[in-house]
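[1] One predicted model, sequence on top.
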Amino acid sequence: MDHAAEGHEPVVREEEAIQHPLGVYFKIWILLFVLSAMSYAVDYYQVQGYLRWFLILFFMVLKAGLIIAVFMHMVWERLAMVYFILLPPVLLLTLVAIGSLEADWTFFQRGVYFLKELIIVAPTAPHH
Amino acid sequence: MSTETMASDSLELKPGMAGFFDDWGSDQRAFKGVPWGKAMMWIFLVSDTFIFGCFLASYMTVRMSALEPWPSASEVFALSFGGAPIPLILIAIMTFVLITSSGTMALAVNYGYRKNKWVTFWLLFATALLGATFVGMQVFEWSKLILEEGVRPWGNPMGAAQFGSVFFMVTGFHGFHVSIGVIFLFIFSYKVARGHLDDQTPGWFTKRGGNYEEIEILGLYWHFVDLVWVFIFAFFYLW
């Protein structure tokens, strides 16, 4: 079959792949362990407030970056592939923006509704 | 015909941005020198990114709009080993198990390209076992939450009702991905051990000749599962 013949195609790629030294993987592996331990430490030592959010996101981005770049071989790929993979997910930020706008509005509406119930309805009609 | 294409591909490949425009502007194929199976896996993973992205975005939306306080994951997922409960310890162990499995997978890909059959086999097998351990711990986590804590998709005793639905949806979908990955890891350990990749034996489903590239493609999926966990760990468990 045609595909079977194409199976031989990446001879060059294989040699490239072999040239990734093992040491890189071990270093990244250790780094991922350290970063995970540090993000767990954020919770363990109960860091709170903006510092907590910053640290969580910081360690998350570093870990994700290392996994994508090295374990998923992104640093060795051609740009045509890299941009195809990394750019579309940026659109998710739109969804996050819309979601947070909607969530604020829902929260406000719920607040108004329950407050009304508490002040006006509650004294006349007891809790069910 | 396919050899002609390949010859012209390898002649004209340019690095950097010039290469980017050349590749995308070229005839027939944009991903030069990439086996089609790998390109297809990446397309699948990008679409999967959107699925998990939608889950996490909706999680943000329901959490922001909840009036009741959100249950503290740190306390909900605490475990005690005889002494005082250690916050979030189960999830931390699961994270380390998954990262360890990612490491063994990365090494398996590397040894696969070196055509070192038995090292590849043992690394794949170890990855599968670690993945199975992760799923097992998740089963423990779920049963503890359902049976002991009384968490349901529509409510829980600790606070906002949405906590349960988000938890079951997000970790359930991720656990499903891990389970599928474990099945394929076992299948490929078998194929490697039997020498299917060395002998280019056609697979029973695709009928393509076996090749160690398949380990890299499987690796992409497995690392993606680990990657998703990084985000779930940060947003659901730590936030």
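    Yep, it's here.

[2] Does B:Leu45 touch B:Leu220 like I think?
    Yes: using Cβ atoms under 8 Å, B:Leu45 makes contact with B:Leu220 at a distance of 6.5 Å. C-beta coordinates here come from the backbone N, C-alpha and C atoms, glycine included.

[3] State the number of residues packed around B:Cys208.
    Quick fix: residue B:208 is Arg, not Cys. 18 (other Cβ atoms under 10 Å in any protein chain shown).

[4] just A:Ala97 next, same as before
    Neighbours around A:Ala97, by other Cβ under 10 Å: 11.

[5] What residues sit buried inside the longest helix along chain A?
    Criterion DSSP state H: the longest helix present in chain A is helix A:92-116. Buried residues in helix A:92-116, counted by 16 or more other Cβ atoms under 10 Å in any protein chain shown: A:Leu92, A:Leu95, A:Gly99, A:Ala103, A:Thr106.

[6] Which strands or helices does that helix pack on?
    helix B:36-65 (3 or more Cβ pairs under 8 Å, 6 or more residues apart in numbering or on different chains; DSSP states H and E).

[7] tell me the angle of the longest helix along chain B relative to helix B:36-65?
    Secondary structure of chain B per DSSP H: the longest helix is helix B:162-193. Interaxial angle of helix B:162-193 relative to helix B:36-65 (axes from the mean of the first three to the mean of the last three Cα atoms, to 10 degrees): 160 degrees.

[8] near chain A, anything from helix B:162-193?
    No: figure legend: helix B:162-193 not in contact with chain A (Cβ under 8 Å from any Cβ of the partner chain); closest approach 11.0 Å.

[9] Would you mark the buried spots in stretch B:51-59?
    Neighbour-count burial for stretch B:51-59, counted by 16+ other Cβ under 10 Å, picks out B:Phe52, B:Gly53, B:Phe55, B:Leu56, B:Ala57, B:Ser58, B:Tyr59.

[10] go on, stretch B:126-143?
    Quick answer for stretch B:126-143 (16+ other Cβ under 10 Å): B:126-135, B:137-138, B:141-142.

[11] Going by distance to chain A, which of those residues wins?
    B:Thr127 (12.0 Å; Cβ to the nearest Cβ).

[12] in which helix or strand would I find that closest one?
    Element membership for B:Thr127 (DSSP states H and E) is helix B:117-143.

[13] residues near the nearest residue to B:Ala132 once chain neighbours are set aside, how many?
    In space, B:Ala132 comes closest to B:Val182 once its chain neighbours are excluded; the distance is 5.2 Å by Cβ to Cβ, 6 or more residues apart in numbering or on different chains. B:Val182 sits with 22 neighbouring residues when counted by other Cβ under 10 Å.

[14] Can you tell me how far B:Val182 is from chain A?
    18 Å (Cβ to the nearest Cβ, to the nearest Å).

[15] I'd guessed that residue sits against B:Ala128; true?
    Yes: taking contacts as Cβ under 8 Å, B:Val182 lies within contact range of B:Ala128: 5.4 Å.

[16] What ranges does chain A have for its helices?
    Under DSSP H, chain A gives helices at A:2-6, A:11-18, A:22-44, A:49-66, A:79-86, A:92-116, A:122-124.

[17] mind checking which of those is nearest B:Tyr111?
    For B:Tyr111, the closest of the helices of chain A is helix A:22-44, at 8.7 Å, according to Cβ to Cβ.

[18] Report the angle between the closest one and helix A:49-66.
    160 degrees.

[19] is chain B contacted by helix A:22-44?
    Yes: if you take Cβ under 8 Å from any Cβ as the test, helix A:22-44 does meet chain B, through A:22, A:25-26, A:28-29, A:32-33, A:36, A:39-40, A:42-44.

[20] Then stretch A:74-86?
    Yes: among the residues of stretch A:74-86, A:Glu77, A:Arg78, A:Leu79, A:Ala80, A:Met81, A:Tyr83, A:Phe84, A:Ile85 lie within reach of chain B under Cβ under 8 Å from any Cβ.

[21] and those residues, which are buried?
    Of these, these count as buried by 16+ other Cβ under 10 Å: A:Glu77, A:Arg78, A:Leu79, A:Ala80, A:Met81, A:Phe84, A:Ile85.

[22] you'd agree the last one is up against B:Ala39?
    This means A:Ile85. No: the criterion here is Cβ under 8 Å, and A:Ile85 misses it with B:Ala39 at 10.1 Å.

[23] Now the common contact residues for these two.
    Counting by Cβ atoms under 8 Å, 6 or more residues apart in numbering or on different chains, A:Ile85 and B:Ala39 have no contacts in common.

[24] how about the residues of stretch A:74-86 next to chain B in TSV, adding distance to B:Ile93 and pLDDT?
    Output for the residues of stretch A:74-86 next to chain B, formatted as TSV (distance: Cβ to Cβ, whole Å; pLDDT from 0 to 100):
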residue	distance to B:Ile93	pLDDT
A:Glu77	33	91
A:Arg78	38	90
A:Leu79	39	93
A:Ala80	40	91
A:Met81	35	92
A:Tyr83	37	94
A:Phe84	36	93
A:Ile85	31	94
